[in-house]
Structures are given as structure tokens and as C-alpha cells.
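[1] One predicted model, sequence on top.
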Amino acid sequence: MVAGSNSTASCFCLFQLKFAIITPALVTGAFSERVRFTSYILFICLFFIFIYAPLAHMTWHPDGLLFKLGVLDFAGGTVVHMSAGVAALASAIYLRKRSDQEMKPARITYVLLGTGLLWFGWFGFNGGSAMGANNLAAIALATTAVASGAAAFAWIIFDALRGKKPSAMGTSIGAVVGLVAITPAAGFVSLPHALVIGVVASWLVI
């Protein structure tokens, strides 16, 4: 029993650490090529101590402030994406502009491959947040797939309506937008709701 308890706690700890390390990594796009590596390591440490850990406690712990206020965050929409988004915005405002403002991907095939890997990994985030191989995990996996697929398809449609040629890049961006949008609600909504979330998120971002 003790060994099983320890293994469960270790698994939970590693799962939470995965969230903790991916959050500051999401910010890097805002200041890539404009900070030193040592500064980035310092940023990760400070971000975890003063931003991520308190926010995670407030949102997910039964005694947390936001939890008691009724905030629902199934897999990190508030703790991960909102905190990283605000930090990225602050970084982009504070740091100087890049010398080359137009950053194009080296190969679109890499973009598609990265999107596929990200999409696959996202199932681990959202499905794993059910803390077991159960019905809740199945719901989270299904809503994640529907929302991201709907957002990707909606992006193509919106591009066509604006007179733009649908592209693999736009489709990839749409898929990621859907993944981000469904994350806080993945275990709380139905498939039709996930479809609407994906389409609306795509419309708002495009």
C-alpha cells in the first residue's frame, strides 16, 4: 500500500511538473533572440515561484482563492495559458523590437509536423487531467479533438471568406487556437459545445 501510494504521488508530481515547465516555455516566442540564456533561466525560476505556483494553488487547490470563488480550469486554461499569455504580452512590450519583423517558417512541413506533435501531446494534457483512464478522460479527449478540428476547419473557411487562399500555416494556427480554447473546459462541456468553442475561438483570433 505504501509503495502504491508513493508511486501515485510521484506520478501526480511529475504530471504537475510537466505543466510547470511548459508554461514558461510558452512565453519564449515573445522574446526569442532578444534575451540571453542565463536571463531566460532566471526568468523561469522567478516565474515559477512568483506567478505559476501561487496561481496553480489558487486555482486547483480546494483551499485556493479562485477555487473557492468557483473558477473552473480543467487542464490549465487559467494557470498555464492565461499566465503565459500575459507574461508574453508584458515581455513583448518591454523588450525592443526584432530587427526582422517578418518571421517566416523555414519549412511548412516542419510546421505541420510540429502541429501534429503538439496536437498529440495535448491529449496528454487534457486527458491526463482526469487523473485516470475513465469516462472523464474520454470526454476530455473527445472535446479536445472536436474543438481543435473545428477551429482548424473554421480558419480555412474564414480565410476563404476574406478572399485569402487557405493555407497549411493557417490551418495549423487554427488547430492550436482550438486546443488552447478548449483546455479549461475540456472535461466540463459536451461535443456540440466543443464545436462552438473551436469555431468562435478561430473567429476571434483570425
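    Sure thing, it's come through.
[2] okay, CA-based contacts and neighbour counts for the rest of this
    Noted.
[3] Identify the residues contacting the helix or strand hosting residue 18?
    According to DSSP states H and E, residue 18 maps onto helix 2-26. With contact meaning CA atoms under 8 Å, 6 or more residues apart in numbering, helix 2-26 is reached by 44, 47-48, 52, 76, 80-81, 83-85.
[4] quick one: average confidence on it?
    Taken as a whole, helix 2-26 carries a mean pLDDT of 79.
[5] Show residues contacting the helix or strand following it.
    Using DSSP H and E, the helix or strand that follows helix 2-26 towards the C-terminus is helix 28-31. With CA under 8 Å, 6+ apart as the test, helix 28-31 has contacts from 88-89, 91-92, 95.
[6] which one in those residues is the model shakiest on?
    Minimum pLDDT across the contacts of helix 28-31 is recorded for residue 95, with 82.
[7] Hmm, that one is touching residue 33, no?
    No - counting by CA atoms under 8 Å, residue 33 is not a contact partner of residue 95; they are 10.8 Å apart.
[8] Mind telling me which residue is nearest the centre of the chain?
    residue 180 (4.6 Å; CA atoms, centre = their mean).
[9] Does it lie in a helix or a strand, and which?
    Here residue 180 is assigned to helix 168-182, by DSSP H and E.
[10] which stretch of helix or strand covers residue 144?
    Following DSSP H and E, the helix or strand that holds residue 144 is helix 135-161.
[11] tilt between that helix and helix 168-182?
    On the basis of axes from the mean of the first three to the mean of the last three CA atoms, to 10 degrees, helix 135-161 is oriented at 140 degrees to helix 168-182.
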